[in-house]
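>>> Got a predicted structure here, sequence first:
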Amino acid sequence: MRFSDFIGYDKHGEIKELPTTLQKDKLGTTGVSLAALGFNAPAWVAASSMSLLYAINGTGSPLAILVAYIFPMLVLALSLVYLTRKAPSAGGIFAFATKFLHPKIGTVLGWAYVVMCATVTPMTAVIGAEYIQALVPALQGVLQAKIIGTILVIVFLGVCLRGIEMTARAAGTFLVFEVAVVVGLGILGISRPHVNVSFHDLYSVTGAGGWAALASGVLFGLWMLANFDSAINLIEEAKVPVRTVQRSLIIVLTSAFVIYSVAAIGWQMAVPVERLAKIVENGNGGPIAAVAQTYLPNWLSWIAVFVVITSSCAGLQISLTSGSRAAYRMSRDRHLPPVLHRTNKHKAPWVAMMLVSAYAIVLVWLKPLAELQWYYDVVTITLVLSYLTALTAFIVVQFRERRLGTAFTSSILPALSIIVLADIGYTAGANPSSPSDLYNAWYMGALVIVTGLMWVWYGSRKRKIDKVPVEAPELEFQED
């Protein structure tokens, strides 16, 4: 059996379209990939995370990114490629859990994914507001930050309501700026180095500080490479949907790996890694600014701040898009209220978008920049729950559809990935960056699960009233 057949790759594009009331046949592989990579927000992740990775692994930071890419993220990506063929749906995690685990599990964990996306929306708005204030000092102030964050949410709600093509086009435009700067500065460091760094140190365990430090760096690298799976939420609007999304999953993950690898290598060739490791991101672009000062003239000093703004805007609109698509599909399949799958003339799920935006605006006012750790806790624990669900669904379907020996062999790496991701979930609650945040991630995860169970109760009660069976195992799509 060919590997492409083993992972369920739709090589010949056998699935031409999916039943949906969203805009069919609008995005190709490039559009889906750019949108999903926008969710990753490379410039913001690089500005906020690269210094921390340097502090953990020093010169060997590129090795941590490489290991994280190969295991467990590539394992997760290939599992999602397989699941996408078996259960193609904008619901993503919801669809996989519903079909291969249990409909009620699908409701709870599909809801967790919606919450994750919806929480990224205000988080990126808060970050974008911080950097806009840094770029325009006259806008400084806590109240002003809340107003700016609110305006960002409203503006990109307007963009998203115009349909998926407009959304993907805007995300792609933002992405060009941030990738050009992040990768461009890395290439400048490699081609015109100011610091001598050997290739051996870049990719040696010794250079990474030893096995224990490398393990910590890999866990951190997972965060940097996450959110490539948002490509799945666009499947119902994609051309040759299954094949397009399967390609995009690998392209987005690999693109993020290349972007951060080039940056991790080149930046430390421009500025000593010891100096980069001590930089604290405070709205000035972090390590991006430090490297930019080395190669760019003073009149371009604003570029480090600007690309984080564009990165935040891309992440905001794609998180809003992904969350609303997941909620739309859950609603279509009667796991959330039917009002959530209403679409406008551009065939965008406007009610779901409005509710996610309202949630985002409330959080912008209740959880400003000083509460950024709260966003990290919610996003981390819900993302871990989502990825654990996908890997578990993959293992279950292996044992359902393959011979025992083959199923066991193909499940080893996903099972090990589950252990790694579970450790991240444990660490998020047991070892937070601040003692005052002890167990907060777990509390947030528990709250999300409880609210998910309330949706299970809602669905059960509604079906009793309507006398309609739950739609799950076959994931049948119904038209309005």
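Happy to help now that I have it.
>>> Pull the contacting residues for residue 325.
Contact analysis of residue 325 by Cβ atoms under 8 Å, 6 or more residues apart in numbering lists 22, 90, 233-234, 236, 349, 352. Just so you know, the C-beta spots here come from the backbone N, C-alpha and C atoms, and that holds for glycine as well.
>>> Quick one: the helices in the stretch 101-250 of the chain, in order.
Using DSSP state H, counting those that start in this stretch, the helices of the stretch 101-250 of the chain run over 103-135, 142-161, 164-191, 199-202, 211-225, 241-270.
>>> nearest to residue 433, of these?
Relative to residue 433, the nearest member of those by Cβ to Cβ is helix 211-225, separated by 11.7 Å.
>>> The helices of the stretch 101-250 of the chain into TSV, with extra columns for mean neighbour count, mean pLDDT and distance to residue 401?
Below are the helices of the stretch 101-250 of the chain laid out as TSV (neighbours: other Cβ atoms under 10 Å; pLDDT from 0 to 100; distance: least, Cβ to Cβ, whole Å):
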stretch	mean neighbour count	mean pLDDT	distance to residue 401
helix 103-135	26	97	19
helix 142-161	19	98	37
helix 164-191	20	96	32
helix 199-202	15	93	41
helix 211-225	20	93	28
helix 241-270	24	98	17
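>>> So which of the contacts of residue 325 wins on neighbours?
Neighbour tally across those (other Cβ atoms under 10 Å): the maximum, 31 neighbours, falls on residue 233.
>>> so it touches residue 92, yeah?
Yes - using Cβ atoms under 8 Å, residue 233 is in contact with residue 92, at 5.6 Å.
>>> overlap in contacts of these two?
In contact with both residue 233 and residue 92: residue 326, using Cβ under 8 Å, 6+ apart.
>>> hmm, who's touching stretch 125-144?
With Cβ under 8 Å, 6+ apart as the contact definition, stretch 125-144 has outside contacts at 44, 145-146, 148-150, 152-153, 283-285, 302, 305-306, 308-309, 312-313, 316, 360, 364, 367-369, 372, 375.
>>> Under the pLDDT cut-off, which ranges of this protein? List them.
For the chain, the stretches with pLDDT under 70 are 467-480.
>>> give me that answer again for 90
Across the chain, residues meeting the criterion (pLDDT under 90) sit at 1-2, 219-220, 223, 280-285, 301, 431-436, 458-480.
>>> which one is the residue nearest the centre of it nearest to, not counting chain neighbours?
Centroid check for the chain by Cα atoms, centre = their mean gives residue 227 as the closest residue, at 1.9 Å. Excluding the flanking residues, the one nearest residue 227 by Cβ to Cβ, 6 or more residues apart in numbering is residue 39, at 4.5 Å.
>>> how many neighbours does that neighbour have?
For residue 39, the number of neighbouring residues by other Cβ under 10 Å comes to 26.
>>> For the remainder of this discussion, apply numbering that starts at 288.
Yep, numbering from 288; the last one is residue 326 now.
>>> Please write out the alpha-carbon positions of the helix or strand containing it in PDB.
Assignment of secondary structure by DSSP states H and E places residue 326 within helix 316-327. C-alpha atoms of helix 316-327 as PDB (Å, rounded to 0.1, in the frame of the first residue of the first chain):
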ATOM      1  CA  THR A 316      -5.000  25.200  -1.800                       C
ATOM      2  CA  THR A 317      -3.300  28.600  -1.700                       C
ATOM      3  CA  GLY A 318      -6.300  30.400  -0.200                       C
ATOM      4  CA  VAL A 319      -6.900  27.900   2.500                       C
ATOM      5  CA  SER A 320      -3.200  27.700   3.300                       C
ATOM      6  CA  LEU A 321      -2.700  31.400   3.600                       C
ATOM      7  CA  ALA A 322      -5.800  31.700   5.800                       C
ATOM      8  CA  ALA A 323      -4.800  28.900   8.100                       C
ATOM      9  CA  LEU A 324      -1.200  30.200   8.400                       C
ATOM     10  CA  GLY A 325      -2.700  33.600   9.300                       C
ATOM     11  CA  PHE A 326      -4.300  31.900  12.400                       C
ATOM     12  CA  ASN A 327      -0.700  30.800  13.400                       C
END
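>>> can you give me the angle that helix makes with helix 390-422?
For helix 316-327 against helix 390-422, the angle by axes from the mean of the first three to the mean of the last three Cα atoms, to 10 degrees is 70 degrees.
>>> between helix 316-327 and helix 451-478, how many degrees?
Using the same axes, to 10 degrees: helix 316-327 against helix 451-478 is 70 degrees.
>>> What helices and strands are in contact with the helix or strand that helix 316-327 is followed by?
Beyond helix 316-327 on the C-terminal side, the first helix or strand identified by DSSP H and E is helix 329-344. When contacts are defined as 3 or more Cβ pairs under 8 Å, 6 or more residues apart in numbering; DSSP states H and E, helix 329-344 packs onto helix 348-355, helix 451-478, helix 498-512, helix 528-557, helix 560-564, helix 574-582, helix 590-619.
>>> and with 6 Å instead?
Other helices and strands packing on helix 329-344, by 3 or more Cβ pairs under 6 Å, 6 or more residues apart in numbering; DSSP states H and E, are helix 348-355, helix 451-478, helix 498-512, helix 560-564, helix 574-582, helix 590-619.
>>> how would you label residue 377: helix, strand or coil?
Following DSSP: H, G, I helix; E, B strand; the rest coil, residue 377 is assigned to coil.
>>> and it, what does it touch?
Neighbour list for residue 377: 520, 522-523, 612, 616 [criterion: Cβ atoms under 6 Å, 6 or more residues apart in numbering].
>>> go again using 7 Å as the cut-off
By Cβ atoms under 7 Å, 6 or more residues apart in numbering, the residues touching residue 377 are 520, 522-523, 612-613, 615-616.
>>> Report the separation between it and residue 423.
Remark: distance between residue 377 and residue 423 (Cβ to Cβ, to the nearest Å) = 37 Å.
>>> Also residue 466?
Separation of residue 466 from residue 423 (Cβ to Cβ): 24 Å.
>>> on that earlier part again, just the buried positions in the helix holding residue 326, please.
Residues of helix 316-327 classed as buried: 316, 318-327 (neighbour count, 16 or more other Cβ atoms under 10 Å).
>>> If I take it and helix 528-557, what angle do their directions form?
Using the same axes, to 10 degrees: helix 316-327 against helix 528-557 is 50 degrees.
>>> quick one: contacts of helix 316-327?
Contacts of helix 316-327 (Cβ under 7 Å, 6+ apart): 454-455, 458-459, 461-462, 514-515, 517-518, 521, 525, 531-532, 534-535, 538-539, 542-543, 601-602, 605-606, 609.
>>> How far away from the center of its chain is it?
A distance of 11 Å separates the centroid of the chain from that of helix 316-327, by Cα atoms, centre = their mean, to the nearest Å.
>>> okay, the angle between it and helix 498-512?
Using the same axes, to 10 degrees: helix 316-327 against helix 498-512 is 120 degrees.
>>> Just the angle for helix 316-327 relative to helix 590-619, thanks.
Interaxial angle of helix 316-327 relative to helix 590-619 (the same axes, to 10 degrees): 110 degrees.
>>> who wins for proximity to residue 748 among the helices and strands packed on helix 329-344?
helix 590-619 (15.9 Å).
>>> Thanks a lot, catch you later.
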